[in-house]
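[1] I'd like to go over a predicted model; first the sequence, then the structure.
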Amino acid sequence: MHSEEIRKKFLAFFEKRGHKVVPSASLIPENDPSVLFNTAGMQPLVPYLLGQKHPLGNRIVNVQKCVRTGDLDDIGDNRHFSFFEMMGNWSLGDYFKEEAIKWSYEFLTSKEEGLGLDPTRLYITVFAGDENAPEDIESRALWQSVGVSNERIYSLGADDNWWSPGDNGPCGPCSEMFYDVTGTVGELSKEQFVEAVKKEDVIEIWNDVFMEYEKKDGKVVGKLAQKNVDTGAGLERMTAVLQGKKTAYETDIFKEALEKIKNDRPKILGSEEQIIKAERIVLDHFRTVLFLAADGVVPSNKGAGYIMRRLLRRGIVYFRKISFVYLEHYAQLLDVCVGFYGNIYPELKAVKENGYKIIFDEINQFQNSLENGLKEFEKLEKRRFWGINGAEGEKMMIILGQDAFDLWQTYGFPIELTIELATERNMKVDVPTFDFLMKQHQEKSRTASSGMFKGGLANTNEKTVRLHTAHHLLLAALQEKFGKQVKQRGSNITEERLRMDFVFDRKITDEEKKELEAQVNTWINEAHPVVRREMPLAEAEKLGAEMEFGAKYPDMVSVYMIGKSDDKILSKEFCGGPHVTNTKELGHFKIQKEEASSQGVRRIKAVLE
Ligand code: SER
């Protein structure tokens, strides 16, 4: 069955059962600044789920365009797409579980009006119950009444069977439908079922959400004024199942586009697997970019525009790998996509009429800076840094997060390109720091452009960055108290605490711990700036900056200094960063534990509160 037929059948089936067909809303949410894109069919319908009257009545059917860009690294496997279409039927305070389940089953299995799937290959999950809502025995009974055997209905917890779009808004228990794509699975215990899903022998194809609850700040706070049904079936996934393919990339949806690029001669003869992954990234990203352009998004450095820019450039980076003629083919891919979807989404035709201008301006701009950026990268390569690999604490040659960020800001290098170039040269990129700087940059530009400030943004990286600066202060306090011979021997920072090992040959008394804490807190309160300087190694050594024992440093090094003026430096350490810009950002410093680490080496764990 062609994807188009699935779409048409879905709409017709529910139209016949009293639903009004509504066109897809824009990918960009109109009334919800908390999300960049519509990530599920329900998003544009939230006001109606909360009780507002929908102009077309209380039964709706739609196919909603969605963009999810959570983890771009997943793109290229069988199931993840940054753009997809979600088919859904909606009861806005009208019918509830009985009709929803009956119709889901009928649409899936009916040969005439539905998809004609084999009922003996279906599996169902229902909500197992928790403190927010009881076990959904009603749905279990309803599935049995339409003909699913009780052994094929599994009760699962909230992780699997409670659907909510985020921390706020309508939500509820859900019942999911799964299909055995191998045709050989048969009866399964609950454990075997979970295993079969993991192995992708059994695939989730549809989700009926019984939306009668509401979440606020991450907590279910009670019931909504009305009981709603929100169902969602991904068109790409359903098409793959019906066409007997492991992935939608092998269905009619991508067929023509794939053919266009299949004949390209691989530039880097990677493994078959690498080439397929690159192809899929190209196929996925160009499509999302086109749909975003059609909804008026323009590549930029923030928000939806930034995601678009990143997808476009990432797509080009991968396209370069598999094609000599990628620019020419990029245009062909766009044409194929407009041809395929143009009648359903006329906005795509409009983009084409304007000559895909936005997209090619961006590509051209990227092409220009690519060359210069590559030259800049060569310079970085010569200026290697030893660094600590984040949580693992392993030592390696790194491209500093700051440098990766500069490459992005000045030359438009997407982080994927920097990583790719680094990997070719056996180096790693400090991605967490890049992400941190990027986020900081985006927050700044958002604040600047809208005059808004959003509180409560502290995230993992910000916490570790603060602890990192506290780490420098602690070393300085130890040296101030016990002398310069107290050298650092190791460090490890998590989101919760810092840990420092240092050369010292006895236990530190409670009294001394208090004094160390007081010293660090005094410095925090004195609000000292934290500054990064790059300088020749010899100069840094002359300054007496703290080095790590046994580390080899390059000719140019980065040194972090804390202090109000050059003659009042509290701390100077060889370090790649990142750090806060002023000690006053740290909060209150507290030592949690002091213990022996090894002979002559003590260990302190400390937190910021
Ligand atoms: N909102 C649910 C989902 O996205 C059903 O549409 O899975």
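    Received the coordinates, thanks. Numbers count the residues shown, from 1 in each chain.
[2] residues in this structure within reach of the ligand, list them.
    Ala40, Gly41, Met42, Gly88, Trp163, Asn207, Val209, Asp230, Thr231, Gly232 (C-beta under 6 Å from any ligand atom). In this view, the C-beta of every residue, glycine as well, is placed from N, C-alpha and C.
[3] could you list the low-confidence segments of the stretch 501-609 of the chain?
    548-556 (pLDDT under 70).
[4] quick check, the residue in it closest to the ligand?
    Pro578 (36.1 Å; C-beta to the nearest ligand atom).
[5] in strands, which of the residues of the chain next to the ligand appear?
    Taking DSSP state E, the ones among the residues of the chain next to the ligand that sit in strands are Gly88, Trp163, Asn207, Val209, Asp230, Thr231, Gly232.
[6] can you count the residues close to the second one?
    Applying the criterion other C-beta atoms under 10 Å, we find 23 residues in the vicinity of Trp163.
[7] what does stretch 367-376 contact?
    Stretch 367-376 has contacts (C-beta atoms under 8 Å, 6 or more residues apart in numbering) with Leu407, Thr410, Tyr411, Gly412, Phe413, Leu417, Leu421.
[8] what's Phe210 in contact with, if anything?
    Phe96, Lys97, Ala100, Asp136, Ser139, Gly172, Pro173, Cys174, Ser175, Lys227, Asn228, Val229.
[9] 10 Å instead?
    By C-beta atoms under 10 Å, 6 or more residues apart in numbering, the residues touching Phe210 are 91, 96-97, 100-101, 126-127, 133, 136, 138-139, 163, 171-175, 227-231.
[10] please indicate which of those residues are buried?
    Neighbour-count burial (16 or more other C-beta atoms under 10 Å) applied to those gives 91, 96-97, 100-101, 126-127, 133, 136, 138-139, 163, 171-175, 227-231.
[11] for Leu586, give me its contacts.
    Per C-beta under 10 Å, 6+ apart, neighbours of Leu586: 465-467, 469-470, 473, 520-521, 523-525, 530, 580, 608.
[12] out of these, list just those in strands.
    Judged by DSSP E, strands contain the following of those: Val530, Leu608.
[13] report the buried members of the contacts of Leu586.
    Buried, going by 16+ other C-beta under 10 Å: 465-467, 469-470, 473, 520-521, 523-524, 530, 580, 608, out of those.
[14] which two in these are spaced the farthest apart?
    Distance extremes for the buried ones among the contacts of Leu586: the farthest pair is Val465 and Asn521 at 18.4 Å, using C-beta to C-beta.
[15] Asn492 in helix, strand or coil?
    Following DSSP: H, G, I helix; E, B strand; the rest coil, we place Asn492 in the strand state.
[16] what about the stretch 151-300 of the chain, any weak spots by pLDDT?
    263-269.
[17] the same query, at a cut-off of 80, please.
    For the stretch 151-300 of the chain, residues meeting the criterion pLDDT under 80 lie at 263-270.
[18] so who does the closest residue to the ligand within it touch?
    Nearest residue of the stretch 151-300 of the chain to the ligand: Gly232, at 2.2 Å (C-beta to the nearest ligand atom). Applying C-beta under 10 Å, 6+ apart to Gly232 gives the contacts 40-42, 64, 66, 86-89, 163, 174, 176, 206-209.
[19] what's the distance between the most centrally placed residue in the chain and the ligand?
    With distances taken as C-alpha atoms, centre = their mean, Gly70 lies nearest the centre of the chain, 2.5 Å away. Per C-beta to the nearest ligand atom, to the nearest Å, Gly70 is found 13 Å from the ligand.
[20] that residue touches Leu36, doesn't it?
    No. At 11.3 Å, Gly70 does not count as touching Leu36 under the criterion of C-beta atoms under 10 Å.
[21] what about the lengthiest helix in the chain, distance to the chain center?
    Longest helix of the chain, by residue count under DSSP state H: helix 357-382. On the basis of C-alpha atoms, centre = their mean, to the nearest Å, helix 357-382 sits 25 Å off its chain's mean C-alpha point.
[22] for stretch 316-330, same thing?
    With C-alpha atoms, centre = their mean as the basis, stretch 316-330 stands 25 Å off its chain's centre.
[23] buried ones in that stretch?
    Ile316, Val317, Tyr318, Phe319, Arg320, Lys321, Ile322, Ser323, Tyr326, His329, Tyr330.
[24] then stretch 327-341?
    So stretch 327-341, judged by 16+ other C-beta under 10 Å, has buried residues His329, Tyr330, Leu333, Leu334, Asp335, Val336, Cys337, Val338, Phe340, Tyr341.
[25] shouldn't Lys481 be within a strand?
    No. Assessed with three-state DSSP, Lys481 is helix; it does not lie in a strand.
[26] so how far is Gly401 from Gly577?
    For Gly577, the distance to Gly401 (C-beta to C-beta, to the nearest Å) stands at 7 Å.
[27] what is in contact with the two at once?
    Gly387, Asp430, Thr433, Phe436, Leu437.
[28] just curious, which of the contacts of Gly232 is nearest to Ile75?
    Out of the contacts of Gly232, the member with the shortest distance to Ile75 (by C-beta to C-beta) is Cys66, at 14.3 Å.
[29] now the phi/psi pair for the closest one, please.
    Phi and psi for Cys66, reported as degrees, to the nearest 10, are phi -130, psi 150.
[30] residues touching it, list them.
    24, 27, 37-41, 43, 81-86, 232, 234, 291.
[31] quick one: which of those sit in strands?
    Using DSSP E, the contacts of Cys66 in strands are Phe83, Phe84, Glu85, Met86, Gly232, Gly234.
[32] same list, the residues you listed, but as TSV with distance to Gln243 please.
    Below are the ones in strands among the contacts of Cys66 laid out as TSV (distance: C-beta to C-beta, whole Å):
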residue	distance to Gln243
Phe83	19
Phe84	16
Glu85	16
Met86	19
Gly232	20
Gly234	14
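[33] can you tell me which residues contact the closest residue to Ala331 other than its chain neighbours?
    Leaving aside its chain neighbours, Ala331 sits nearest to Tyr356 (7.0 Å; criterion: C-beta to C-beta, 6 or more residues apart in numbering). Under the criterion of C-beta under 10 Å, 6+ apart, the neighbours of Tyr356 are Val289, Leu290, Ala293, Tyr330, Ala331, Leu334, Asp335, Val338, Glu362, Ile363.
[34] which parts of the stretch 301-450 of the chain are strands?
    385-389, 394-399, 428-429 (DSSP state E, counting those that start in this stretch).
[35] just to revisit the earlier point, now do the residue of the stretch 151-300 of the chain closest to the ligand against Phe84, distance only.
    Per C-beta to C-beta, Gly232 is found 10 Å from Phe84.
[36] find residues that contact each of the two.
    Gln64, Cys66.
[37] can you give me phi and psi for the one residue in the stretch 1-150 of the chain that gets nearest to the ligand?
    Nearest residue of the stretch 1-150 of the chain to the ligand: Ala40, at 3.7 Å (C-beta to the nearest ligand atom). When read as degrees, to the nearest 10, the backbone of Ala40 gives phi -150, psi 160.
[38] and the closest residue to it other than its chain neighbours, what does it touch?
    Counting by C-beta to C-beta, 6+ apart, the nearest residue to Ala40 once its immediate chain neighbours are dropped is Pro165, at 5.7 Å. For Pro165, the contacting residues are 32, 34-35, 38-40, 42-43, 46, 171, 209, 215, 230, by C-beta under 10 Å, 6+ apart.
[39] any low-confidence regions in the stretch 301-450 of the chain?
    In the stretch 301-450 of the chain, residues with pLDDT under 80: 371, 381-398, 424, 426, 432, 441-450.
[40] go again with 50.
    390-391, 446-450 (pLDDT under 50).
[41] in it, which spans are helices?
    303-322, 326-341, 346-353, 357-382, 401-411, 415-424, 431-450 (DSSP state H, counting those that start in this stretch).
[42] okay, the ones you listed, which one's buried deepest?
    Greatest average neighbour count among these goes to helix 303-322 (a mean of 23), per mean count of other C-beta atoms under 10 Å.
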